[in-house]
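Visitor: Need coordinates for the below:
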Amino acid sequence: MATKLPAVKLISIEERAILNEQAGKWSFLTNHARVLIVIARDPASRLRDIAAACHITECTAQSIVKDLEQASYMRRERNGRRTRYILCPDGTLRHPAEAHVPVRGLLELFTPHASER
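Guide: The predicted structure follows:
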């Protein structure tokens with residue numbers, strides 16, 4: 001059962017300024033991790049929704065999806081004009097320090113039922 005993402009919210013100029021200020025700071029999660037988490041929450045997400053949820057451009061989201069697919073973390077299935085993403089959570093994280101940790105562990109932290117997918 002897919003978890004619905006919240007509706008995309010238009011933000012004010014003040015909120016955008018805060019986001020821009022925070023953009024230069026570091027974060028615990030990469031955009032690749034964020035995209036994977038968004039897809040885990042809703043495998044039928046559109047690229048524009050993935051981009052909005054991750055606060056990245058649609059072009060960046062498309063590039064990340066391509067990276068994740070090439071690295072075998074997921075695959076795409078077309079159904080008419082829509083794309084459905086199928087996760088492959090048994091792969092491991094890429095950094096040598098976490099290479100023993102399955103992606104499933106990351107997804108379970110951020111998605112309530114990732115283990116059921």
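Visitor: where do the helices sit along the protein?
Guide: For the chain, the helices defined by DSSP state H cover 13-23, 31-41, 47-54, 58-70, 103-110.
Visitor: any chance of those helices in TSV, plus mean neighbour count and distance to R81?
Guide: Every residue, glycine included, has its C-beta placed from N, CA and C. Converted to TSV, the helices of the chain look like this (neighbours: other CB atoms under 10 Å; distance: least, CB to CB, whole Å):
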stretch	mean neighbour count	distance to R81
helix 13-23	10	31
helix 31-41	22	18
helix 47-54	19	12
helix 58-70	16	16
helix 103-110	17	27
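Visitor: Go through the ones you listed and name the closest to L87.
Guide: Of all the helices of the chain, helix 31-41 sits nearest to L87, with 5.9 Å by CB to CB.
Visitor: tell me what the closest one is packed against?
Guide: Other helices and strands packing on helix 31-41, by 3 or more CB pairs under 8 Å, 6 or more residues apart in numbering; DSSP states H and E, are helix 47-54, helix 58-70, strand 82-87, helix 103-110.
Visitor: Try it again at 6 Å.
Guide: With contacts taken as 3 or more CB pairs under 6 Å, 6 or more residues apart in numbering; DSSP states H and E, helix 31-41 sits against helix 47-54, helix 58-70.
Visitor: can you tell which of those helices is closest to L107?
Guide: helix 58-70 (12.3 Å).
Visitor: what's the closest of the helices and strands packed on helix 31-41 to Y85?
Guide: With CB to CB as the yardstick, what comes closest out of the helices and strands packed on helix 31-41 is helix 58-70 (7.6 Å).
Visitor: So what touches the closest one?
Guide: The contact list for helix 58-70, computed with CB atoms under 6 Å, 6 or more residues apart in numbering, reads 31-32, 35, 47-48, 50-51, 74.
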